[in-house]
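Chemist: just coords:
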């Protein structure tokens, strides 16, 4: 892979992640509070930033497992899980900057 191909791959990844994040945010939150679903964690005594971090941890664990074998859930491949992890880290960054 050349540097040009690498940069193109990153651009495609980030664009795809953003598209997924937009769709999922419309399902989980609302236009007034994009963190609404994470703030539900307060009902069980967990701060939203920690709840987001738990989701990141879930994805890292799944990635670790999928590096060694194929997953049983066919509509969530390794690449999908990596994209989810990227999005959760971006969500955490946005949450911490609000």
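Modeler: It's in. Source: prediction; values computed, not measured.

Chemist: buried set for the lengthiest helix in the chain?
Modeler: The residue-count maximum for a helix in the chain (DSSP state H) belongs to helix 3-28. Of all the residues in helix 3-28, those buried under the rule 16 or more other Cβ atoms under 10 Å are 17, 21, 25. (Glycine included, C-beta is placed from N, CA and C.)

Chemist: what's the closest of those to residue 45?
Modeler: residue 25 (24.4 Å; Cβ to Cβ).

Chemist: and the closest one, what does it touch?
Modeler: Residues counted as contacts of residue 25 (Cβ atoms under 8 Å, 6 or more residues apart in numbering) are residue 34.

Chemist: Okay, now the unreliable bits of this structure?
Modeler: 71-75 (pLDDT under 70).

Chemist: re the thing from before, just after the longest helix of the chain, pick out the following helix or strand.
Modeler: helix 36-39 (DSSP states H and E).

Chemist: Take the buried residues of helix 3-28 and write them to CSV, including distance to residue 40.
Modeler: As requested, the buried residues of helix 3-28 are exported to CSV (distance: Cβ to Cβ, whole Å):
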residue, distance to residue 40
17, 23
21, 18
25, 14
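
Chemist: just curious, which of those is nearest to residue 67?
Modeler: The nearest one, if we look at the buried residues of helix 3-28 relative to residue 67 and count by Cβ to Cβ, is residue 17, at 19.4 Å.

Chemist: is it true that the closest one touches residue 86?
Modeler: Yes - assessed by Cβ atoms under 8 Å, residue 17 is found in contact with residue 86 at 4.9 Å.

Chemist: So which of the buried residues of helix 3-28 is the closest to residue 34?
Modeler: Closest to residue 34, out of all of the buried residues of helix 3-28 and judged by Cβ to Cβ, is residue 25, at 5.6 Å.

Chemist: ok, that closest one to residue 93 distance?
Modeler: According to Cβ to Cβ, to the nearest Å, residue 25 and residue 93 sit 15 Å apart.

Chemist: try residue 76
Modeler: Remark: distance between residue 76 and residue 93 (Cβ to Cβ) = 23 Å.

Chemist: Who has more neighbours out of the two?
Modeler: Neighbour count, other Cβ atoms under 10 Å: between residue 76 and residue 93, residue 76 has more, with 14 against 10.
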